[in-house]
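1. Here is my input; please provide its structure:
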Amino acid sequence: MKAKSFLPLLLLGFIASAPMPSQPKAATTITGEYLEARTASVFCGACHYNGELVTTGRDAILAWDISHGSWNGVDLTGVKAMADITATDNLSYSDASRTTEIVIDKSATQAQVVAMADLIKKTGGASLGRILPAARASISFKHDGGNFDVSADGFADMTVQALPNNECCTQPHLVWYTPLMPIEHRKVGYTESADYTAGTNGQTWQREDENSAFYGSLNLPAQ
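-> Got it, this is the predicted structure:
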């Protein structure tokens with residue numbers, strides 16, 4: 001009786017145990033830049049802060065510029081967005097009722113609009129309150145050194161400069177608020193001007209010449 005060959009079985013074992021070819025990994029983080037300007041100074045003296053706390057600070061303009069990453073399987077690289085938040089009281093009060101209007105750059109695909117709006121909603125959480133359906137506009141987000149110039153046609157614009165000598169870091173006790181969105185390397189900016197011109201989410205407003213801005217880096221876990 002002839003002995004059976006075990007060679008085919010051994011080959012099958014080697015094939016089964018061999019490592020599979022590596023697949024490209026999806027981005028695990030979303031990176032980019034963030035800018036926010038409010039209708040109240042975020043870096044100032046105590047008397048100034050307390051005076052504004054009960055009279056203003058109910059509105060803010062937010063802006064995002066995504067440099068890399070995906071959300072819900074949609075690549076958001078290069079997508080820009082802005083938002084306006086208006087509330088019934090100073091935005092530092094968690095119980096203040098608020099509404100958020102989002103605008104996403106016209107160059108984004110419909111899939112990117114849906115994904116970007118969902119990213120803003122999920123990462124902003126209760127800070128945003130009721131969110132209106134996302135609209136479209138041409139958005140420009142320029143950051144040159146310490147200068148930001150961001151605008152969305154017919155919606156809002158911000159011109160912000162970095163504080164000289166990083167005063168917000170050397171005097172942290174004079175920073176009274178925290179950014180409305182999660183960011184890294186938070187710094188305070190000097191707002192040359194911030195304008196909400198659309199008027200579709202409450203009244204239009206304009207602020208200028210105050211330390212009312214935050215900016216920093218995005219480093220969000222992809223979903």
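2. longest helix of this structure?
-> Ordering each helix of the chain by length in residues (DSSP state H) puts helix 110-124 first.
3. name the helices or strands packed onto the following helix or strand past that helix?
-> Counting by DSSP states H and E, the next helix or strand C-terminal to helix 110-124 is strand 130-131. Strand 130-131 is packed against strand 98-105, helix 110-124, with contacts defined by 3 or more CB pairs under 8 Å, 6 or more residues apart in numbering; DSSP states H and E. All C-beta atoms are positioned from the backbone trio N, CA, C, and that covers glycine.
4. Quick check: which helices or strands does the helix or strand following strand 130-131 pack against?
-> Counting by DSSP H and E, the element after strand 130-131 in chain order, helix or strand, is strand 135-137. Under the contact definition 3+ CB pairs under 8 Å, 6+ apart, strand 135-137 sits against strand 98-105.
5. Tell me what angle the strand it packs on forms with helix 110-124.
-> 150 degrees (axes from the mean of the first three to the mean of the last three CA atoms, to 10 degrees).
6. From the chain's centroid, how far away is strand 98-105?
-> With CA atoms, centre = their mean, to the nearest Å as the basis, strand 98-105 stands 12 Å off its chain's centre.
7. mind listing what it pairs with, with the direction of each?
-> strand 80-87 (antiparallel), strand 130-131 (parallel), strand 135-137 (parallel) (DSSP bridges).
8. So for Asp95, which of those sits nearest?
-> Closest approach to Asp95 among the strands paired with strand 98-105 is made by strand 80-87 (9.9 Å; CB to CB).
9. ok so, going back, let me know which of the helices and strands packed on strand 130-131 is tucked in deepest.
-> Among the helices and strands packed on strand 130-131, ranked by average contacts under mean count of other CB atoms under 10 Å, first place goes to strand 98-105 (a mean of 23).
10. Not counting that one itself, show me its contacts.
-> Residues outside strand 98-105 that contact it (CB atoms under 8 Å, 6 or more residues apart in numbering): 79-88, 91, 112-113, 116-117, 120, 124, 127-132, 134-139, 152, 155-156, 198, 200-202.
11. if you average pLDDT over it, what comes out?
-> Per-residue pLDDT values over strand 98-105 give a mean of 98.
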